[in-house]
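*Asks:* need the 3D shape of this:
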Amino acid sequence: MITDVIRNADSEHEVFVLLSAYVGSTHVDSTFQCLSECANELPLQDTVEIQARLGQLMHELDSASRNLDDHACLVLREAVHVFGTSLNRLVSLEKRQRSQLAA
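*Replies:* Numbering: from 1, shown residues only. Purely as a prediction, here's the structure:
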């Protein structure tokens, strides 16, 4: 799964490429039509933008859950997982980079 590859990415650039590939795939697969524009717009700029999109996706997942929309919940849960994993990896890489500079 893409989250496994993202979790093992060696650089911020690699994470952005992988996340962009995921976002790009949502354009060609009708399964993802329930995602809002915030989830499938390119390019991705930085961690602040990823965090904002993750928050929006979580809000949409909450709404889909309340509406008992199982399909949307499945798609949104996956998107939340991919964006969340990407954000976590970027933060981890940033911390590693800072500790290397401090050493």
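
*Asks:* from here on, contacts and neighbour counts on C-alpha atoms
*Replies:* Noted.

*Asks:* which residue is nearest the centroid of the protein?
*Replies:* The chain has residue 83 as the residue nearest its centroid, 1.6 Å off, counting by Cα atoms, centre = their mean.

*Asks:* which SSE is it in?
*Replies:* helix 70-102 (DSSP states H and E).

*Asks:* just to revisit the earlier point, ok, the residue nearest to the centre of the chain to residue 18 distance?
*Replies:* Plainly put, residue 83 is 11 Å away from residue 18 if you go by Cα to Cα, to the nearest Å.

*Asks:* then residue 36?
*Replies:* Distance from residue 36 to residue 18, by Cα to Cα: 20 Å.

*Asks:* more neighbours: which of these two?
*Replies:* residue 18 (19 against 14; other Cα atoms under 10 Å).

*Asks:* I'd say that one and residue 8 touch.
*Replies:* No. Counting by Cα atoms under 8 Å, no contact exists between residue 18 and residue 8, whose distance comes to 11.1 Å.
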